[in-house]
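A.B. asks: All I have is the shape, not the residue letters:
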Ligand code: FAD
Ligand code: UDP
């Protein structure tokens with residue numbers, strides 16, 4: 001007899017949300033997760049120094065979707081956190097010195113880069129061309145016929161976008177999907193937050209406890225370190241679980257190409273290498289223990305939770321976790337430098353970012369068509385749908401799929 005009504009592959013935001021909803025509606029759900037932990041890329045944990053880190057990259061929750069916010073708020077309280085990011089660049093005319101200004105590039109950034117007078121005049125000009133509080137993408141700004149605005153657009157392109165995008169994608173802003181740079185538009189405002197969404201914050205105890213609560217239900221059987229490739233097989237329109245026909249819904253949140261043994265070729269991705277460093281304040285007579293680096297002065301490594309290196313350095317950005325999580329750690333801090341490169345599929349590599357373009361979308365469409373031959377199989381999530389989704393979008397899509405599967 002079949003013991004489960006539904007099978008969910010992956011325990012990131014997509015899988016955990018669907019599993020949680022189905023289970024609470026009375027379905028028996030089996031969740032297979034190949035990592036030894038829940039949370040997918042949003043997983044967080046304490047490092048060897050007791051610092052709460054995001055193992056797979058910094059995750060900041062933000063949404064305008066009330067349903068998603070209220071849904072997750074059943075499983076966590078929130079630390080009121082508004083994300084602010086600066087670009088750290090060599091100073092024009094004094095390249096040995098550095099300066100920082102807000103990203104998205106805004107009216108404050110203008111005044112920092114060009115000085116108060118010229119910066120203000122440029123800001124006024126931009127506002128009369130596009131409107132106050134407007135967001136203008138860098139590619140749109142570069143289309144301006146006004147020579148002064150065009151020169152400014154070139155400045156922002158050179159100082160904020162081109163090198164960062166080359167590091168992140170190995171391609172220029174013109175070569176990548178325009179929706180990607182549009183995530184970080186020039187903002188004709190003094191609002192220096194990275195996101196303007198209505199709801200923003202960090203899960204107060206971290207992401208992992210949120211996932212544990214979401215998945216804690218008598219109707220959910222969670223198997224960790226369980227790769228679906230060892231349990232699920234697809235044969236001529238039929239889904240088999242451990243060799244037995246499975247006729248419930250199967251929600252798959254892993255890579256679409258891997259599910260079908262890469263039969264049409266691998267989908268291209270970017271992967272990341274994370275370089276973690278722990279720094280400790282140097283106090284007289286107290287040597288810094290092995291494995292930590294001496295922090296020259298004070299509590300923190302850098303001025304903001306995330307500092308983007310938009311003109312130089314091999315990494316794209318540095319994140320200082322305690323500035324994100326609010327963890328109280330006198331004199332101790334862990335930071336992470338992000339290095340991006342092509343995903344090769346080598347063991348242990350993680351496909352973090354789909355490379356969205358026409359050719360890759362067409363390849364993905366072949367896998368999607370293959371999946372559609374299995375009526376009970378649903379592809380959901382950032383990997384399975386080959387999209388650049390934020391966490392809130394994934395939760396929204398997962399709730400909609402659960403509604404559909406439950407006939408609500
Ligand atoms: P994932 O989190 O990737 O989960 C998929 C899970 O499926 C994984 O745990 C994987 O191990 C498992 N799996 C795959 N194949 C199998 C298999 N064969 N068998 C069993 N299990 C399998 N979003 C934001 O909103 N804010 C942010 O600040 C933010 N920062 C980000 C930073 C980085 C560096 C990255 C890469 C993403 C960021 N995101 C952010 C996006 C966010 O990570 C995703 O929206 C979210 O994690 C997607 O959830 P998911 O469940 O679709 O995928
Ligand atoms: N970007 C940039 N400079 C920056 C920040 C972003 O060029 O300082 C571009 C870059 O192409 C990046 C994209 O905007 O990939 C989206 O940035 P976002 O911060 O949203 O990326 P994520 O946090 O998802 O990696």
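C.D. replies: On my side now, so go ahead. Worth saying up front: this structure is predicted, and the values here are computed from it rather than measured. Ligands and ions are numbered 1, 2, ... in the order given.

A.B. asks: wait, doesn't residue 136 sit right on residue 188?
C.D. replies: Yes - with contacts counted by Cβ atoms under 8 Å, residue 136 reaches residue 188, the gap being 7.0 Å. All C-beta spots, glycine's among them, are computed from the backbone N, C-alpha and C.

A.B. asks: Mutual contacts of those two, please.
C.D. replies: Shared contacts of residue 136 and residue 188, defined by Cβ atoms under 8 Å, 6 or more residues apart in numbering, comprise 126, 130.

A.B. asks: If you count contacts, what does the strand or helix carrying residue 140 end up packed against?
C.D. replies: Secondary structure from DSSP states H and E places residue 140 in helix 138-141. Applying 3 or more Cβ pairs under 8 Å, 6 or more residues apart in numbering; DSSP states H and E, we find helix 138-141 packed against helix 147-156, helix 178-181.

A.B. asks: Buried ones in stretch 228-245, by neighbour count?
C.D. replies: 228, 231-232, 234, 239, 241 (16 or more other Cβ atoms under 10 Å).

A.B. asks: now, which of these lie within strands?
C.D. replies: Among the buried residues of stretch 228-245, DSSP state E puts 232, 234, 239, 241 in strands.

A.B. asks: Check the buried residues of stretch 228-245 one by one and keep those near ligand 1.
C.D. replies: Filtering those for proximity to ligand 1 by Cβ under 6 Å from any ligand atom leaves residue 228.

A.B. asks: Mind putting the buried residues of stretch 228-245 into TSV with distance to residue 96 and pLDDT?
C.D. replies: Output for the buried residues of stretch 228-245, formatted as TSV (distance: Cβ to Cβ, whole Å; pLDDT from 0 to 100):
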residue	distance to residue 96	pLDDT
228	53	98
231	58	97
232	57	97
234	59	95
239	62	96
241	62	96
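
A.B. asks: which two in the buried residues of stretch 228-245 are spaced the farthest apart?
C.D. replies: Maximum pairwise distance among the buried residues of stretch 228-245 (Cβ to Cβ): 11.8 Å, between 231 and 234.

A.B. asks: Now residue 54: closest residue in space, sequence neighbours ignored.
C.D. replies: Distance criterion Cβ to Cβ, 6 or more residues apart in numbering; nearest residue to residue 54, sequence neighbours excluded, is residue 44 at 5.0 Å.

A.B. asks: scratch that, residue 7
C.D. replies: Using Cβ to Cβ, 6+ apart, the nearest residue to residue 7 is residue 250, at 4.6 Å.

A.B. asks: number of nearby residues for the residue nearest to residue 81 when sequence neighbours are not counted?
C.D. replies: Spatially, and ignoring its direct neighbours in sequence, residue 81 is nearest to residue 202 (4.7 Å; Cβ to Cβ, 6+ apart). Using other Cβ atoms under 10 Å, residue 202 has 22 other residues around it.
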